[in-house]
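Trainee: Predicted structure and sequence below. I'll ask about it afterward.
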Amino acid sequence: MDGFTQEINGVVITYFSTASAVGKTLISINMAAELARQGKKVCLIDFDLQFGDISNYLQLLPRHTVYDLQQARKMQGSSVRAEEYLTPYTYHNVLFYVLAAPQKLEEAYNIDDDEAIAMVRQLQKKFDYVLVDTTSTFSKLNLELLNLSTIVSFLGIVDFIPTIKNMKIGMDVLRSLNYDSNKIRLVLNRGDAQTFIPMKDVEALLG
């Protein structure tokens, strides 16, 4: 791939939630497309390792995945060119790159957390923005991603009581980690959906 010789210190944005089905994947894809439309160099990483859907959403058939990059790093160390394991997505004047989730369940189980973080750091040097889609758990990998990230977009919806409960738990944990208040961005998806839960009650609960 051409155009990856310059070293950059890119912004890392992690899309995270403690509730499932809140739209992390769709929003991260749309953000990648918009930043790319603005002329930024963008990499989108699918760290929903077992059930990642970015390739499906974009109708991509990746030749390489997170697992393949990990195997290459084990063989070649830091000399491996991570950008060679990405899959380009193009649509009209939009171009961004995807590091796809593993294609097999056993590969997903064998992704090393430290290696995954090293991949992000390596790609951060090649892209203006590295966007990371995650699972809805406080796993070791996700906690390390939250620490590494420039911005954490914490997503939620308000149409289901258990979802709001999980959002509350998640926000309490994030606050306990003492991140800078500008780092955590609480994002309400489907904000115009019809719901019997008053928004003011949700705002009060989440603080």
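Mentor: That came in fine, so what should we check first?
Trainee: Please report phi then psi for K140.
Mentor: Per-residue torsions, K140: phi -60, psi -40 (degrees, to the nearest 10).
Trainee: What is the burial count for it?
Mentor: 12 (other CB atoms under 10 Å). In short, each C-beta sits where N, CA and C put it, glycine included.
Trainee: Check the one 5 residues further on too.
Mentor: Number of residues near L145 (other CB under 10 Å) recorded here: 22.
Trainee: With A116 instead?
Mentor: A116: 21 neighbours (other CB under 10 Å).
Trainee: which helices and strands sit right next to whichever helix or strand it is part of?
Mentor: Here A116 is covered by helix 113-124, with elements defined by DSSP states H and E. Applying 3 or more CB pairs under 8 Å, 6 or more residues apart in numbering; DSSP states H and E, one finds that helix 113-124 contacts strand 42-46, helix 66-76, strand 129-133, helix 140-148.
Trainee: Could you rerun that using 10 Å?
Mentor: strand 11-16, strand 42-46, helix 66-76, strand 94-99, strand 129-133, helix 140-148 (3 or more CB pairs under 10 Å, 6 or more residues apart in numbering; DSSP states H and E).
Trainee: And those: which comes nearest E115?
Mentor: Checking the helices and strands packed on helix 113-124 against E115 by CB to CB gives helix 66-76 as the closest, at 4.9 Å.
Trainee: and the helix or strand following that closest one, which residues are buried?
Mentor: With elements assigned by DSSP H and E, the helix or strand that comes after helix 66-76 is strand 87-91. Going by neighbour count (16 or more other CB atoms under 10 Å), the buried part of strand 87-91 is T87, Y89.
Trainee: Same check on stretch 163-178?
Mentor: Applying a neighbour-count criterion of 16+ other CB under 10 Å, one finds T163, I164, N166, M167, K168, G170, M171, L174 buried in stretch 163-178.
Trainee: how near is the nearest residue to F16 once chain neighbours are set aside to F51?
Mentor: Sequence neighbours aside, T134 is the residue nearest to F16 in space, at 5.1 Å (criterion: CB to CB, 6 or more residues apart in numbering). Distance, T134 to F51, by CB to CB, to the nearest Å: 11 Å.
Trainee: so I169 makes contact with F138?
Mentor: Yes - look at I169 against F138 with CB atoms under 10 Å: they come within range, at 9.3 Å.
Trainee: which neighbours do these two share?
Mentor: Residues touching both I169 and F138 by CB atoms under 10 Å, 6 or more residues apart in numbering: T18.
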